[in-house]
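Asker: Need a 3D model of the following:
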Amino acid sequence: MIRFAAVISLALSLAACGDTAPLKPAAGKALPVAAYGSENRQDAETLLKPTQQAAPERSVELRKRSEDRTEDPFDLPPSSDK
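Answerer: Down below sits the predicted model:
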């Protein structure tokens, strides 16, 4: 039991020691080249920020109470062709 507790505490301590420094490219690597027509290269923080298309905002309001459905002309019963 003591060995199990030691392993768990070691795993938790290793998981908690993350680095919070700004991101940098790996040694010997460079950031991607600047986009065509752009004069400057984007930094790591800008590249990690999701675009509007990747994380769109919700454009419809959620319903707060139940409402009757409007009549749907295409909501037909199944045909009884045999």
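Asker: only C-alpha atoms for contact and neighbour calcs from this point on.
Answerer: Will do.
Asker: What count of nearby residues applies to residue 31?
Answerer: Neighbour count for residue 31, taken as other C-alpha atoms under 10 Å: 13.
Asker: The one 4 residues further on now?
Answerer: A total of 10 residues lie near residue 35 under the criterion other C-alpha under 10 Å.
Asker: right, and it touches residue 47 too?
Answerer: No: with contact defined as C-alpha atoms under 8 Å, residue 35 does not count as touching residue 47 (11.8 Å).
Asker: Tell me the backbone dihedrals of the most centrally placed residue in the chain, please.
Answerer: Geometric centre of the chain, nearest residue: residue 55, 7.3 Å, by C-alpha atoms, centre = their mean. Dihedral angles phi and psi of residue 55 (degrees, to the nearest 10) take the values phi -140, psi 70.
Asker: per-residue pLDDT, it?
Answerer: What the model reports as pLDDT for residue 55 is 76.
Asker: Please name the residues that touch it.
Answerer: Contact partners of residue 55, counting by C-alpha atoms under 8 Å, 6 or more residues apart in numbering, are absent.
Asker: at 10 Å what do you get?
Answerer: residue 49 (C-alpha atoms under 10 Å, 6 or more residues apart in numbering).
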